[in-house]
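S.K.: build me a model from this:
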Amino acid sequence: MSFLVKPSNCHHLSSLTAMAMSSSFCPHIPNHLRSIPICSSPAKPISLSLKAFSSQPSNASSTYELPARVGFLGLGIMGSPMAQNLIKSGCDVTVWNRTKSKCDPLISLGAKYKPSLAEVAASCDVTFAMLADPESAVDVALGKDGAASGMSTGKGYVDVSTVDGETSKLISGHIKAAGALFLEAPVSG
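M.R.: Predicted coordinates for the structure are as follows:
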C-alpha cells in the first residue's frame, strides 16, 4: 500500500515511513481513500510505503518493516501498555518517564532507557508522547531539555495525549520548527 504525497513544506517526508497501527478494532483504509494526497502542492509526487504493525498475533506470511527506533514518553496507565505492544511487535523502543521505576518493567522486556526527553527524541526516528494533561504534554515537549530540542529533519513526533487544540498547535509549531514531522493522534479511555 502506498500514499501519494506532493511535496511542499513536506520535502523531508521522503526519509520517513508513513505508519499505520492496526488492530482487530481498527478498520483498514477504504480503497476510495487510498489515493488521496496527504500533502497538496503542484510539485512532483513522492510515493511513500505504508508500513503497518500490530500487537495482535498473525498467521499471515507477509513481513512488515518496523521503524528502526521508536521513543515512548509517558508510561502511565495507557502509555505503558502501548509501549509494551511496540516492544512485543519487534520495535526497538527507548522509554522515558518522570518516575523512572515505571520504565523498569519495559526495560526488562528489552526497552532502552534515556534519562532525558531530548536524548530519547534525538536517538529515535519516531517519538510517541502519552501524557495525562495539557500542562504535562507542553512540559515534556517544550520544557528544559524537552523532546522538541532532540528533534531534527527526518524525525517524527506523535502526540497521543488527549489535549486541547491550542496545546497541540503550540507543540506542533515547535516540533515543525526543528524540521521534524508532527502528528496529533489523541486517545481517550
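S.K.: all helices for this structure, in order.
M.R.: 79-88, 104-108, 117-123, 134-142, 165-177 (DSSP state H).
S.K.: which of the residues in the longest one are buried?
M.R.: Neighbour-count burial for helix 165-177 flags 167, 168, 170, 171, 172, 174, 175 (criterion: 16 or more other CB atoms under 10 Å). Bear in mind the C-beta positions are built from the backbone N, C-alpha and C, glycine included.
S.K.: closest to residue 127 out of the residues you listed?
M.R.: Residue 127 lies nearest to residue 175 out of those, by CB to CB, at 9.3 Å.
S.K.: next one: the closest one, what pLDDT does it get?
M.R.: As predicted, residue 175 sits at a pLDDT of 98.
S.K.: equivalent analysis for the one 3 residues further on, please.
M.R.: On the pLDDT scale, residue 178 is placed at 97.
S.K.: before we move on, what about the one 5 residues further on?
M.R.: What the model reports as pLDDT for residue 183 is 97.
S.K.: and for residue 162?
M.R.: pLDDT, residue 162: 89.
S.K.: give the contact list for the closest residue to it other than its chain neighbours.
M.R.: In this structure, residue 162 finds its nearest non-sequential neighbour in residue 186, 4.4 Å apart by CB to CB, 6 or more residues apart in numbering. Contacts for residue 186 (CB atoms under 8 Å, 6 or more residues apart in numbering) come out as 159, 160, 161, 162, 163, 168.
S.K.: against residue 88, how distant is the first one?
M.R.: This means residue 159. 23 Å (CB to CB, to the nearest Å).
S.K.: among the two, which residue is more densely surrounded?
M.R.: residue 159 (27 against 15; other CB atoms under 10 Å).
S.K.: who does the closest residue to residue 159 other than its chain neighbours bridge with?
M.R.: Nearest residue to residue 159 in three dimensions, chain neighbours excluded: residue 129, at 5.0 Å (CB to CB, 6+ apart). Assessed by DSSP bridges, residue 129 has beta-bridge partners residue 73, residue 159.
S.K.: can you verify my assumption that residue 129 contacts residue 136?
M.R.: No: taking contacts as CB atoms under 8 Å, residue 129 lies outside contact range of residue 136: 9.0 Å.
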